[in-house]
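1. Need coordinates for the below:
(2 chains)
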Amino acid sequence: AQTVTQSQPEMSVQEAETVTLSCTYDTSENNYYLFWYKQPPSRQMILVIRQEAYKQQNATENRFSVNFQKAAKSFSLKISDSQLGDTAMYFCAFMKHEEYGNKLVFGAGTILRVKS
Amino acid sequence: ETGVTQTPRHLVMGMTNKKSLKCEQHLGHNAMYWYKQSAKKPLELMFVYNFKEQTENNSVPSRFSPECPNSSHLFLHLHTLQPEDSALYLCASSPTGTYTDTQYFGPGTRLTVL
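-> A predicted model of the protein is given here:
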């Protein structure tokens, strides 16, 4: 069974500082996709970043980057120069490969609070 | 905005009521999904539709009935719900329904069952 574990229920960071959110996953597949989604208090789930497992290079989107360690099955999210608007629940998700459709398996989430 | 809209945003219903949730995507996608988000639990996939055909029913009780009349619209019909069904219901869409897709989510419907 595929599972996604986010070990940090809550985290805080000062504005302009850097924070790293942890995620580990379990799978027997070799090719898959990993995602970080952000859900602000407004509830709209927004894609932050996506990583393809066969790519060794870590994905980067502006202030957001990942540290993808395939052998360790680890996929952490680094947020640089944190902003107040980064306050949200962050979900790590693993894309399960099936013949029909696809299934995103989510972690329990990490609440991130950015303080001024 | 992600191009996926949901109505209503809030819904309160009794256990004997019948109501429907609506989702519409303006992205030209061919796959649509219903998820349930309960407090302190990971998102749970409920249903998947790919090119209007249901391809996944994740052991969802029959009191939840999905309908996908076309690739742009998805409904979730609700009847005789239980208080434990209170949750945020999220709709999502993706381009092709394959595992290489990225899913785009709507804002959700906050459902309260009394």
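2. contacts and neighbour counts: CA atoms only from here.
-> Fine.
3. partners of the helix or strand of chain B with the lowest mean pLDDT, with directions?
-> Least confident helix or strand of chain B, by mean pLDDT, DSSP states H and E, is strand B:53-57 with a mean of 76. Partners of strand B:53-57 in the sheet, by DSSP bridges, are strand B:44-50 (antiparallel).
4. mind saving the C-alpha coords of the strand it pairs with as PDB?
-> In PDB, the C-alpha atoms belonging to strand B:44-50 read as follows (Å, rounded to 0.1, in the frame of the first residue of the first chain):
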ATOM      1  CA  GLU B  44      -9.900  10.700   0.600                       C
ATOM      2  CA  LEU B  45     -10.600  10.000  -3.000                       C
ATOM      3  CA  MET B  46     -14.300   9.200  -3.600                       C
ATOM      4  CA  PHE B  47     -14.900   9.000  -7.300                       C
ATOM      5  CA  VAL B  48     -13.100   9.300 -10.600                       C
ATOM      6  CA  TYR B  49     -14.600  10.000 -14.000                       C
ATOM      7  CA  ASN B  50     -12.500   9.800 -17.200                       C
END
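5. what pLDDT, on average, does it get?
-> What strand B:44-50 shows for mean pLDDT is 89.
6. Neighbours of the nearest residue to B:Leu27 once chain neighbours are set aside, how many?
-> Once flanking residues are discounted, B:Leu27 sits nearest to B:Gly3: 6.0 Å by CA to CA, 6 or more residues apart in numbering or on different chains. B:Gly3 has 14 neighbours, counted by other CA atoms under 10 Å in any protein chain shown.
7. shouldn't B:Gly3 be in contact with B:His29?
-> No - counting by CA atoms under 8 Å, B:Gly3 does not reach B:His29; the two are 10.3 Å apart.
8. Give me the contact status of the one helix or strand B:Gln6 maps to with chain A.
-> Applying DSSP states H and E as the criterion places B:Gln6 in strand B:4-7. No - Strand B:4-7 is not in contact with chain A by CA under 8 Å from any CA of the partner chain; minimum separation 9.8 Å.
9. moving C-terminal of that strand, what's the next helix or strand?
-> That would be, after strand B:4-7 and using DSSP H and E, strand B:10-13.
10. got a list of what A:Leu21 touches?
-> By CA atoms under 8 Å, 6 or more residues apart in numbering or on different chains, A:Leu21 lies in contact with A:Gln8, A:Ser76, A:Leu77, A:Lys78, A:Thr110.
11. next one: B:Tyr89
-> B:Trp34, B:Tyr35, B:Lys36, B:Gln37, B:Gly108, B:Thr109, B:Arg110, B:Leu111.
12. what's the closest non-adjacent residue to it?
-> B:Lys36 (4.7 Å).
13. I'd like to know how many residues surround the one you found.
-> Using other CA under 10 Å, B:Lys36 has 21 other residues around it.
14. isn't B:Asp85 right up against B:Arg110?
-> No - B:Asp85 is beyond contact range of B:Arg110, at 10.7 Å (criterion: CA under 8 Å).
15. my guess is B:His79 meets B:Gly14, correct?
-> No - applying CA under 8 Å as the test, B:His79 and B:Gly14 come out as separate, 9.4 Å apart.
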